[in-house]
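A.B. asks: no sequence for this one, just the structure:
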């Protein structure tokens, strides 16, 4: 599995796989179970982000352990900033840890 993942990351694996017919249902159920952005707590414009992108690991498309709810406010929300590190061509392999760190920082930030 690790060898295959490395091939995909370096661009040596096949691309262009189609989404599963079960994706819409999985997405809907995941948002129902996890209805807030795991970084900022927003409930608006939620996206389900794949921790390991679909084009790299299509076999993980429907795995709950590979999904995280992030907001997409103005197309520049937590999904873009933290999930893709400010580039749609990138992904954040530490998104799960980063989401916990930043959620803690946000809810405990200094307020006047």
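C.D. replies: Good, I have the coordinates. Values in this document were obtained by computation on a predicted structure and should not be read as measured data. Numbers count the residues shown, from 1 in each chain.
A.B. asks: lowest-pLDDT helix or strand in the protein?
C.D. replies: helix 2-9 (a mean of 59; mean pLDDT, DSSP states H and E).
A.B. asks: So what's the gap between stretch 17-33 and the chain middle?
C.D. replies: 13 Å (CA atoms, centre = their mean, to the nearest Å).
A.B. asks: Adjust the sequence numbering to begin at 13 for everything that follows.
C.D. replies: Okay, residue one is now 13; in that scheme the one you just asked about reads as stretch 29-45.
A.B. asks: Run through the strands of the protein in chain order.
C.D. replies: In the chain, the segments counted as strands under DSSP state E are 58-62, 79-83.
A.B. asks: Point out the most buried one among these.
C.D. replies: strand 79-83 (a mean of 24; mean count of other CB atoms under 10 Å). (C-beta placed from N, C-alpha, C; glycine too.)
A.B. asks: now that one against strand 58-62, angle please.
C.D. replies: Interaxial angle, strand 79-83 versus strand 58-62 (axes from the mean of the first three to the mean of the last three CA atoms, to 10 degrees): 140 degrees.
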